[in-house]
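> Make a model of this:
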Amino acid sequence: MQSLLELRHLKTLLAIRESGNLTRAAERLHLTQSALSHQIRLLEDHYALPLLLRKSSPLKLTAAGEKLAQLAAEFLPRIDQAERDIAKLREGEAGQLRIAVECHTCFDWLMPAMDDFRGHWPEVELDIVSGFHADPVQLLFEDRADLAIVSEAADEPGISYQPLFSYEMIALIAKDHPLATKPFLSAEDFANETLISYPVPDDMLDLIRKVLKPAGINPKRRTTELTAAILQLVASRRGIAALPSWSVQHYLERGYVVAKPITEQGLTSDLYAAITHAQTDTAFVKDFVTTTREVSRISLPGVTLL
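A predicted model of the protein is given here:
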């Protein structure tokens, strides 16, 4: 029997196994769900066996699907490494990658990705541009950074926005706060509270930009630089906060504060890597984006790849 199997099929099966959902797997691979389903049907016809347990939730692979996914898990990293080695032969192993961030919590998730990247490209000089920047993309134009981590993909000439991941923003309140009994917090629940946040402009805070401002809510404000300080203020009933769920997981496990969804539908935020068009084909820059996506998916709870 002549093999039909291609690399794209292995990537598809691995994405399904890791996401447990056809929609998320399709998004991760930048495919439509119908295109992904078509790939699976072709393979199932070829092997005359089902590859998915379609009634399972989360979606699982059959024994035959697992065999192919195991093959993907074994060989795809080797292929990625070979492609990195070839890129190094073509472009050289050295270079610099200066990263600018706009959010105060970026370092919590960025460091593991940077550690993995250093293993791939040990000769690349990797650095964080010091300080926090309200407009990190401008640093790209000024040649003060090579990649910027941002929360919105703007339509900006000369800049490519590479999707990283989505995550849930949650409200944090003291355990004995009256709002702790509510299943979720609405915009109106913030009206008479003090909102504790990082010292950044309001248009960089998704809670304000997406929830409070459209509802005409403008609560009292208090700011601090440190996540631990925000949580200490919340725990002592000085106000309430909104932070990424993955950034406060350790505090929630200890019962330090209480977390609640923001609105009944929840509040989702996104992160992107902004790079200049001149850098989009640079091998180590592309690999940094890929590494960041994969490490974040594995290490951060509640993350969904864009």
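> List the contacts of the helix or strand in which Pro261 is found.
Pro261 belongs to strand 258-261 when elements are defined using DSSP states H and E. Residues from elsewhere that reach strand 258-261 (CB atoms under 8 Å, 6 or more residues apart in numbering): 168, 170-175, 177, 179-180, 182-185, 245, 248, 252, 267. Quick note: C-beta positions are derived from backbone N, CA and C, even for glycine.
> Apply the buried test to those and list what passes.
Among the contacts of strand 258-261, those classed as buried by 16 or more other CB atoms under 10 Å are 168, 170-174, 177, 179, 184-185, 245, 248, 267.
> Give the helix, strand or coil label for the residue nearest the centre of the chain.
Central residue check for the chain by CA atoms, centre = their mean: the C-alpha nearest the mean position is that of Phe165, 2.4 Å away. At Phe165 the chain is in strand, as set by DSSP: H, G, I helix; E, B strand; the rest coil.
> Which SSE is immediately downstream of the longest helix along the chain?
Taking DSSP state H as the criterion, the chain has its longest helix at helix 63-91. Remark: after helix 63-91, the chain's next helix or strand is strand 95-101, criterion DSSP H and E.
> ok so, going back, quick check: can you name the pairing partners of the strand holding Pro261 and their directions?
Its sheet considered, strand 258-261 pairs with strand 159-173 (antiparallel) by DSSP bridges.
> CA-only coordinates of the partner strand, as CSV, when you get a sec.
The C-alpha coordinates for strand 159-173 follow below in CSV (Å, rounded to 0.1, in the frame of the first residue of the first chain):
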residue,chain,number,x,y,z
ILE,A,159,4.8,45.6,10.6
SER,A,160,3.7,41.9,10.7
TYR,A,161,1.7,40.7,13.7
GLN,A,162,2.2,37.1,14.5
PRO,A,163,-0.4,35.5,16.8
LEU,A,164,0.8,34.0,20.1
PHE,A,165,-2.1,33.0,22.4
SER,A,166,-5.3,34.0,24.1
TYR,A,167,-6.0,33.8,27.8
GLU,A,168,-8.7,34.6,30.3
MET,A,169,-8.6,37.8,32.4
ILE,A,170,-10.2,37.1,35.8
ALA,A,171,-11.4,39.4,38.6
LEU,A,172,-9.6,39.0,41.9
ILE,A,173,-11.4,39.8,45.2
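> Next secondary structure element downstream of it?
strand 194-197.
> Surely Glu152 forms part of a strand?
No. Counting by three-state DSSP, Glu152 is located in no strand; its state is coil.
> Near it, how many other residues are there?
The tally of other residues near Glu152 (other CB atoms under 10 Å) stands at 16.
> Return the closest of the buried ones among the contacts of strand 258-261 with respect to Arg238.
When the buried ones among the contacts of strand 258-261 are ranked by distance to Arg238 (CB to CB), Ala174 comes first, at 8.8 Å.
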